[in-house]
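Novice: Here is my input, please return the structure:
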Amino acid sequence: MYRFEGVLYGLVRCPCGFVYVDPRPDPDSIGRMYDDPGYYLSGYTLGVETRGYFERKDELIAHYETVARDLARETGAPGDLLELGSAGGFFLEGARRAGFRVRGVEISPQAAESSRRDLGLDVHSGLLENAPFEPRTFDVAYADNVLEHTTAPEGVLRKLLDLLRPGGHLVVIVPTYVNSPYFRLMLLLQRLLPKRFLGEPLLKILKFVPDGDSGAPYHLLEFDRRTVVALLRRAGFEIVHVQASLPLPAHLFEVASPGLRVRILRGVFRALDFGMRAGILPGARTRVLARRPAAASRAA
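Specialist: Below is the predicted model:
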C-alpha cells in the first residue's frame, strides 16, 4: 500500500476492528516523513485538495473561524483551547478570532516555527507528553486527523483527558475510509473499477494508484466508528455526539463548467455524504465530540 525510503508497507486488519500499517515505521522514520516539505503539499490533504496547505492560508483561517464559532456553540462558550497537531496554526488562528484562548502542539519543527513566526501563536514543537501544560488547563481539546498518526492513541487520549477541566470537551476527527466496507469491496472488485471514468486524481484519493504505491505511511492506524468510540470510552471520555461524512474532492467541486462525467461524480459524492451524515451509511470520515466527566477526574 505505501512506500517510504525504499521500504514497502502493507495494511493488516485486526479482529478487534483496527487497521494498522505493517511493518510499523520506527520513530526516526516517522520524524523524517513529517520533515519532508512534500507532506504539506499532498500528504496532509491526502490528495483531496488541489492546492497545498500553506497556499490556502487565508481560505483555511476563514473556514476554521466558522468551524470554531460552531464549536463554541456546541461546547457552551469559547474558552481555553488546545489543538493537537496544529500544523501551520490556521485552525488556532481561526479559533482565536472566534474568541478562544489558544495553544498548540505540533510535531513538525518547521510548521511549529511557521505558526509562531507568522501568526504569533503559542505552539509547542514536539510530542504532547513533553508539552509544558498543567493538568486541568483547557476547556476544549481539538485533534483533527491526528490519532491515525500516533503509535499509542489511547495514551494520547488519556493525556488529553488529564489536560481538560472536568466537563471539558474533546473533538476527534479521523479518516475511516481505508477501514470501511467501501474500500474492502473495491479491493475485491478492483479489476471491474471504471478507471478511465473515475480518472487518475480520484483513483489516487481512493488509494488505487496504478503501481500500488500510495505514498508514505502517514496513517499508522485506520479507525472505524466503533473503534474510535471504544477507544475514547476506554480513555475515560463520555461520548456526546458522533457524525460521519465524506470529504469532497476539490478537483471535482472547483470546476467552473463541469461536463457530464464531473456532474455525475459530484452527484455520487453528495449522495454518499448525505447518507453518511444522516447515519444511513458508514462514514469515510468520523467526527466525535466527547467530554471529560464533570464529577470525576477519570471514568472507571
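
Novice: Give me the buried stretch members for the lowest-mean-pLDDT helix or strand in the chain, please.
Specialist: Scoring the helices and strands of the chain by mean pLDDT, DSSP states H and E places helix 27-35 at the bottom, with a mean of 81. Neighbour counts over helix 27-35 (16 or more other Cβ atoms under 10 Å) mark 30, 33-34 as buried. C-beta: built from backbone N, CA, C; applies to glycine.

Novice: How far away from the center of its chain is that helix?
Specialist: Helix 27-35 sits 18 Å away from the centroid of its parent chain (Cα atoms, centre = their mean, to the nearest Å).

Novice: Ok, stretch 123-136 next?
Specialist: Distance of stretch 123-136 from its chain centroid, counting by Cα atoms, centre = their mean, is 20 Å.

Novice: what's the neighbour count on E65?
Specialist: Per other Cβ atoms under 10 Å, the neighbour tally for E65 reads 19.

Novice: One more: P132?
Specialist: Neighbours of P132 (other Cβ under 10 Å): 6.

Novice: Isn't it up against H124?
Specialist: Yes. With contact defined as Cβ atoms under 8 Å, P132 counts as touching H124 (6.8 Å).

Novice: next structured bit after the least confident helix or strand of the chain?
Specialist: Later in the chain than helix 27-35, the nearest helix or strand by DSSP states H and E is helix 57-75.

Novice: quick one, the following helix or strand past that next one and helix 57-75 angle?
Specialist: Using DSSP H and E, the next helix or strand after helix 57-75 towards the C-terminus is strand 80-84. Strand 80-84 and helix 57-75 meet at an angle of 120 degrees, taking axes from the mean of the first three to the mean of the last three Cα atoms, to 10 degrees as the criterion.

Novice: outside of strand 80-84, which residues touch it?
Specialist: Strand 80-84 is contacted from outside by 68, 91-92, 95, 100-105, 128, 133, 137-144, 146, 156, 160, 163, using Cβ atoms under 8 Å, 6 or more residues apart in numbering.

Novice: Thanks a lot, see you next time.
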